[in-house]
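Peer 1: what would the 3D arrangement of this be:
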Amino acid sequence: MDALTKIFIAEPDCERLVNTMLWLEQYPDFEVYGTSDSDGSLTEQIEAVQPDVVMLGMPTASGQAAFSIKGIRATSVSPAVMIVLKSENNVDMMLAECDGQIGPKTSLKEMPELIRKAINRRMPSSVAAITLQMAKAG
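Peer 2: As a prediction, this is how the structure comes out:
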């Protein structure tokens, strides 16, 4: 059996938040460990929950979204970050900052595989950073 994947969902749209949580419930290897509907204390919540992946809901791509992604990356957990967009306008500036995206045309059936890919993208860089630190220390 695969290890449990801890998910944190930050989604300002309550309906989308509930739908995403209900959809993910059917996958035994995923568990939603926390949710937020605002940016207020997002990094503190992520630090407390220590998820493997953060699904960051964004109405549109913006400088605020890039700022939120950098804040999440700065936590001690440094989880995989996926952006969940209602619109695909101006997404390019955030793609470099995140590990995956769920766009408005993405079906719910595609979501589990996209989450797994985002985690796999993030994990090699985390393992490489730890290995590099150990090599420098040794």
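Peer 1: SS state for residue 31?
Peer 2: Under DSSP: H, G, I helix; E, B strand; the rest coil, the three-state class of residue 31 is strand.
Peer 1: how about it, what does it touch?
Peer 2: Counting by CB atoms under 8 Å, 6 or more residues apart in numbering, residue 31 makes contact with 4, 5, 6, 7, 24. C-beta: built from backbone N, CA, C; applies to glycine.
Peer 1: including distance to residue 102 and neighbour count, could those go into a markdown table?
Peer 2: Output for these, formatted as a markdown table (distance: CB to CB, whole Å; neighbours: other CB atoms under 10 Å):
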| residue | distance to residue 102 | neighbour count |
| --- | --- | --- |
| 4 | 21 | 12 |
| 5 | 15 | 19 |
| 6 | 18 | 18 |
| 7 | 12 | 26 |
| 24 | 12 | 20 |
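Peer 1: show me which of those is closest to residue 16.
Peer 2: residue 24 (12.4 Å; CB to CB).
Peer 1: just give the nearest non-adjacent residue to that closest one, would you?
Peer 2: residue 30 (4.9 Å; CB to CB, 6 or more residues apart in numbering).
Peer 1: and residue 29, how close does it get to residue 117?
Peer 2: 14 Å (CB to CB, to the nearest Å).
Peer 1: quick one: mean pLDDT over stretch 121-135.
Peer 2: Average pLDDT, stretch 121-135: 53.
Peer 1: toward the C-terminus, what is the element adjacent to the lowest-mean-pLDDT helix or strand in the chain?
Peer 2: Across the helices and strands of the chain, the lowest-confidence element by mean pLDDT, DSSP states H and E is helix 92-95, at a mean of 62. Sequence order places strand 100-102 as the next helix or strand after helix 92-95, per DSSP states H and E.
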